[in-house]
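> Build me a structure from this.
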Amino acid sequence: MMYKAFSPKLSLKESIPIAVKFGYGGIGLNVGGEFQNDPLALKAMLDEHGLKSAGFGFPVNFRESQETFDADMKKLPSHCEFATKMGDFRCSTWLLPGSDVPFAENFAMHAKRLREAALVMAQYGVKFGLEFVGPPSARKNSKYPFVYDLESLMNLWDAIGCDNVGILLDAWHWDMAGQTFADFTKINGKVVVVHINDAPAGVPVEEQKDNVRALPGATGVLRIKEFFQGLLDMQYDGPVYSEPFYAPLNEMPYEEAMRVETDAINKVWPK
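Numbering: from 1, shown residues only. Just a heads-up that it's a prediction; the model follows:
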């Protein structure tokens, strides 16, 4: 069964009481921030409160030079080992929707590097979710489009060729890319992590900006009920995060912001 999760601004130990207070089932794992701790001890703390470690970020800069990529890849085995000792088998990252590098060259580089990373993760049983960025405005200043919808992501999956590679599914990007309810059948078993949110009302898709969103269910622009039905139909059992990029939250005390965001999640959560 899918569960509510959040990315903590505090340490895991400090975040557990907040998760309990607001009824979350999981907390995102900041491996780099927690690495000095014993993962088994952290898992025991989560277990005590019925919580899960709800996915960790890809620690590798795969967009820059080969030297940078190679250096960062050295972190990946230790991150995977740490996460899996906590019972966490989900890693994710996003893909830039456009580039000044010609498509074929960019595609080949991504396929090669992400395959290399996926093969390391597979040794630990970790699934690797890739997120496409859907709004047209996010790629309009790039010379060449890249991965910005489900079809282009699926082409990249095929090129990577690893069964543990799937999707970080974001309601915003799903809607902005024009995906339909029927498209959920194409990602059954491939969803690693989920993000929910809403979009500002009265703004054409072409003018929507990726970093200006709304709390889940706030405007009704995104098809959130349909989105959740797709997840239910495939029996998705992982974390669901709110990612609203909603500026007023940043002005609130942390727990007040958590309350506001949680209230929004609860209003759209399937009964």
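> Now do the buried residues in stretch 95-109.
Under the neighbour-count criterion of 16 or more other C-beta atoms under 10 Å, stretch 95-109 has Leu95, Leu96, Pro97, Gly98, Ser99, Asn106, Phe107, Met109 buried. To be clear about C-beta, it is placed using only N, CA and C from the backbone, and glycine gets the same treatment.
> I'd like the average pLDDT over it.
The average pLDDT within stretch 95-109 is 98.
> what about that stretch, how long is it end to end?
12 Å (C-alpha to C-alpha, to the nearest Å).
> sorry, back to before: can you list which of the buried residues of stretch 95-109 are found in strands?
Taking DSSP state E, the ones among the buried residues of stretch 95-109 that sit in strands are Gly98, Ser99.
> could you dump the buried residues of stretch 95-109 to CSV with distance to Ala199?
Converted to CSV, the buried residues of stretch 95-109 look like this (distance: C-beta to C-beta, whole Å):
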residue, distance to Ala199
Leu95, 20
Leu96, 20
Pro97, 17
Gly98, 20
Ser99, 25
Asn106, 28
Phe107, 29
Met109, 31
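> Out of the buried residues of stretch 95-109, which two sit at the greatest distance?
Farthest apart among these by C-beta to C-beta are Pro97 and Met109. That separation is 15.5 Å.
> Show me what the residue nearest the centre of the chain is bridged to.
Geometric centre of the chain, nearest residue: Leu168, 4.4 Å, by C-alpha atoms, centre = their mean. As for beta bridges, Leu168 partners with Val193 under DSSP bridges.
> Just confirm it contacts Val192, I think it does.
Yes. The criterion here is C-beta atoms under 8 Å, and Leu168 meets it with Val192 at 6.0 Å.
> Spell out which residues are contacts of both of these two.
Ser92, Gly129 (C-beta atoms under 8 Å, 6 or more residues apart in numbering).
> Now do the buried residues in stretch 219-233.
Under 16+ other C-beta under 10 Å, the buried positions of stretch 219-233 are Val221, Leu222, Arg223, Ile224, Phe227, Phe228, Gly230, Leu231.
> okay, the third one: pLDDT?
The confidence metric pLDDT takes the value 96 at Arg223.
> OK, contacts around the residue nearest to it when sequence neighbours are not counted?
Distances taken as C-beta to C-beta, 6 or more residues apart in numbering place Asp175 nearest to Arg223, at 6.1 Å, with adjacent residues excluded. Each residue near Asp175 by C-beta under 8 Å, 6+ apart is listed here: Gly134, Ala199, Val221, Leu222, Arg223, Phe227.
> model confidence over the helix or strand hosting Asp175, on average?
Per DSSP states H and E: Asp175 is located in helix 171-176. What helix 171-176 shows for mean pLDDT is 97.
> Look up phi and psi at the nearest residue to Glu243 once chain neighbours are set aside.
If the residues on either side of it in the chain are set aside, Glu243 comes closest to His195, at 4.2 Å by C-beta to C-beta, 6+ apart. Main-chain dihedrals, His195, degrees, to the nearest 10: phi -120, psi 140.
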